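*Asks:* From the sequence below, what's the structure:
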Amino acid sequence: MSPGSNTESYPARIGLRENPGKNLNQVTCPDRDSNPGHLVSRPDALTVTPQAETVVYRQPERVEGQNKTSKEGIERSSKKDKPVSVGFLLSTSLLSKNLKVRIYKTVILPVVLYGCETWTPTLREEQRLRVFENKVLRKIFGAKRVEVTGEWRKLHNTELHALYSSPNIIRNNKSKRLRWAGHVARTGESRNAYRVLVGRSEGKKPLGRSRRRWEYNIEMDLREMGYDDREWINLAQVKDQWRAYVRAGMNLRVP
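*Replies:* The predicted structure is shown next:
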């Protein structure tokens, strides 16, 4: 490709060629318009010499310790831009304990209980949920100092519940499950969720004890609140009366 040709548009392709007889670092660059001999400079390390009509590429000078400094700057910027985790917010002394409890209720608890309306948890699974909540509360309220010995100790579960003064994670699970059960019971027979609720599986029953059904949890929760009738679907049709049971589910006895 000759220096005067302009077959391709700029900046799709810049025609660069070596200039024989001169320094190998010197190249010519045609312009995109009517002046093919015009030199275009690169903003990073190119300088234009109009007399020789060449573009001279100069390597940037290397400063001693520059790479180390730039690397340290990158590491510092990455540390500054690192997002703050929720665990740090719960354990820091910059926030009040009431604010930490609000963070737990609005950020952590909805994530843990996502989809809990359809759970059929066993006693072991409920125990794991209580252990998780106790760990979070201990991080929020911290340790307690013994006045006699001056040593620090972990808070007991009863002390955590007294400081938290809100329904625990199991009560939240029961209340959400009752609310969803009433909603499904009022949808009607034309909805698939209602068909799954009242339907029975076909086929031969496998050997061994049957698995714990989701409806059994609803019946057990209502039994603890004094409603011993198995036809709870009829009770759920009265929305105001069912809401009273949902609110009472937050105060259910948790073993």
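
*Asks:* Which strands and helices lie in contact with the top helix by length along the chain?
*Replies:* The residue-count maximum for a helix in the chain (DSSP state H) belongs to helix 123-141. Applying 3 or more Cβ pairs under 8 Å, 6 or more residues apart in numbering; DSSP states H and E, one finds that helix 123-141 contacts helix 86-91, helix 97-103, helix 157-164, helix 169-185. C-beta here means a position set from N, CA and C on the backbone, and glycine is covered the same way.

*Asks:* if you set the cut-off to 10 Å instead, what comes out?
*Replies:* Under the contact criterion of 3 or more Cβ pairs under 10 Å, 6 or more residues apart in numbering; DSSP states H and E, helix 123-141 touches helix 86-91, helix 97-103, helix 109-112, helix 157-164, helix 169-185.

*Asks:* can you list contacts of whichever helix or strand comes after that helix?
*Replies:* With elements assigned by DSSP states H and E, the helix or strand that comes after helix 123-141 is strand 144-145. By Cβ atoms under 10 Å, 6 or more residues apart in numbering, the surrounding residues in contact with strand 144-145 are 151-156, 159, 163.

*Asks:* 8 Å - rerun?
*Replies:* Residues outside strand 144-145 that contact it (Cβ atoms under 8 Å, 6 or more residues apart in numbering) are 151-155, 159.

*Asks:* ditto for stretch 182-200
*Replies:* Here stretch 182-200 makes contact (Cβ under 8 Å, 6+ apart) with 215, 232-233, 236-237, 239, 242-243, 246.

*Asks:* swap in stretch 168-179?
*Replies:* If you take Cβ under 8 Å, 6+ apart as the criterion, stretch 168-179 is touched by 109, 112-113, 116-117, 119, 121, 126, 129-130, 132-133, 161, 167, 217-218, 221-222, 242, 245-247, 249-252, 254.

*Asks:* Drop anything exposed from those residues.
*Replies:* 109, 116-117, 119, 121, 126, 129, 133, 161, 167, 217-218, 221-222, 242, 245-246, 249, 252 (16 or more other Cβ atoms under 10 Å).

*Asks:* picking up where we left off before, buried sites along the longest helix of the chain?
*Replies:* 126, 129, 133-134, 136-138, 140-141.

*Asks:* Just the pLDDT at P255, thanks.
*Replies:* Looking at P255, its pLDDT stands at 49.

*Asks:* should've said V107
*Replies:* 93.

*Asks:* How about the one 10 residues further on?
*Replies:* What the model reports for E117 is a pLDDT of 91.

*Asks:* Give me the neighbour count for the residue nearest to it when sequence neighbours are not counted.
*Replies:* Distance criterion Cβ to Cβ, 6 or more residues apart in numbering; nearest residue to E117, sequence neighbours excluded, is W180 at 3.6 Å. A count of nearby residues for W180, using other Cβ atoms under 10 Å, gives 18.

*Asks:* possible to save the helices and strands packed on helix 123-141 as a markdown table with distance to R191?
*Replies:* Shown next, in a markdown table, are these (distance: least, Cβ to Cβ, whole Å):
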| stretch | distance to R191 |
| --- | --- |
| helix 86-91 | 37 |
| helix 97-103 | 36 |
| helix 109-112 | 25 |
| helix 157-164 | 38 |
| helix 169-185 | 8 |
